[in-house]
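> attaching a predicted model along with its sequence, questions to come.
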Amino acid sequence: MAGRRGAAWLLAAALLVAPATPSLAGSSSSCRLIQDAAGDGNDQLNGTRLGPNEPDLDIVSADIASNARSVTTVVRLSNLGTALEAAGRRNLYRFFFQLGSRHEYVVTLATRSLDGEQFSVIVPTEGSDVPGTDTAVPATGTFDVAHNEVRVTIPLSLASGNHNMPHQTYFHNLVADTYRGIGTEAAGGANASTSIDYASTDRRYLAGSSSCVHIGT
């Protein structure tokens, strides 16, 4: 990933369009909480989509699931393909969520270019609401080409800020987005990224409940 400044800039940009109010409806079983039409993963200018669809950045659905220890986010694409097929680009995949009564966003990130892959999570700095003070922490993940999925797994303790979670705590304000970048993992490149696709939902996920998502990568 690029430095903290680049990650914080992208985080602030997405929060401008993130949903503000979670749905009042919850479910004990979930799948494809976020859904998005295929074919809209392309460059945008003043609300107009330009250029060809980019299947490896075209979101079709996304999910989150958790158990007593871990949280896994999933972003599904039209056709993920390999890094070689996306030569010259450094693609970025993100998933935003809030947990329970916490108003700060937690963001999982996955990037891929020809020289490798990186997975991380941005968590709020406890007790601070100053922009740019969020902390990026390494995470585990996978680019699952066979299933067109980008999955990232983090400890539940990171998502909860090491706080005890009340019974029936929900993940809410769920957002997924993708960016097309340039460069390599070694050099970073988040500051040069271009927004390609965005999807959100007001649906919620009950922490620890059943899901079509396999927790862990």
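Alright, I've got the coordinates.

> now the residue minimising distance to the centre of the chain: which helix or strand?
When C-alpha atoms, centre = their mean is applied to the chain, the residue found nearest the centroid is Phe95 (1.6 Å). Here Phe95, judged by DSSP states H and E, is contained in strand 91-99.

> and that strand, average pLDDT?
Per-region confidence: strand 91-99 scores 96 on mean pLDDT.

> one more: stretch 119-138?
Stretch 119-138 carries an average pLDDT of 74.

> okay, now Leu109: neighbour count?
Look at Leu109: counted by other C-beta atoms under 10 Å, it has 25 neighbours. Glycine gets a C-beta too; all of them are placed from N, C-alpha and C.

> quick one: it from Cys212, how far?
22 Å (C-beta to C-beta, to the nearest Å).

> same question, Phe171
Distance check for Phe171 against Cys212: by C-beta to C-beta, it reads 15 Å.

> the more surrounded of these two?
Taking neighbours as other C-beta under 10 Å, Phe171 and Cys212 compare with Phe171 leading, 25 against 12.

> which residues does the more buried one contact?
Taking C-beta atoms under 8 Å, 6 or more residues apart in numbering, we find Phe171 in contact with Ile64, Ser66, Val71, Phe97, Gln98, Leu99, Arg204, Tyr205, Ala207.

> go on, Leu158?
Leu158 touches Val71, Val106, Val121, Val123, Val137, counting by C-beta under 8 Å, 6+ apart.

> run the last query once more with 7 Å
Val121, Val123, Val137 (C-beta atoms under 7 Å, 6 or more residues apart in numbering).

> what helix or strand does it sit in?
Using DSSP H and E, the element containing Leu158 is helix 156-160.

> now that helix: buried residues?
The neighbour-count check on helix 156-160 (16 or more other C-beta atoms under 10 Å) flags Leu156, Leu158, Ala159, Ser160 as buried.

> and the contacts of the strand holding Phe95?
Here strand 91-99 makes contact (C-beta under 7 Å, 6+ apart) with 14, 18, 56-57, 62, 64, 73, 75, 105-112, 150, 152, 159-160, 169, 171-181, 190, 193.

> among those residues, name the ones in strands.
The strands, defined by DSSP state E, take in 62, 64, 73, 75, 106-112, 150, 152, 171-180 from the contacts of strand 91-99.

> now the buried members of the residues you listed.
62, 64, 73, 75, 106-112, 150, 152, 171-180.

> who wins on neighbours among the contacts of Phe171?
Busiest of these [other C-beta under 10 Å] is Val71, holding 29 neighbours.

> that one in helix, strand or coil?
The three-state label given to Val71 by DSSP: H, G, I helix; E, B strand; the rest coil is strand.

> roughly how far apart are the residue lying closest to it once chain neighbours are set aside and Ile182?
Sequence neighbours aside, Ala159 is the residue nearest to Val71 in space, at 4.9 Å (criterion: C-beta to C-beta, 6 or more residues apart in numbering). Distance, Ala159 to Ile182, using C-beta to C-beta: 31 Å.
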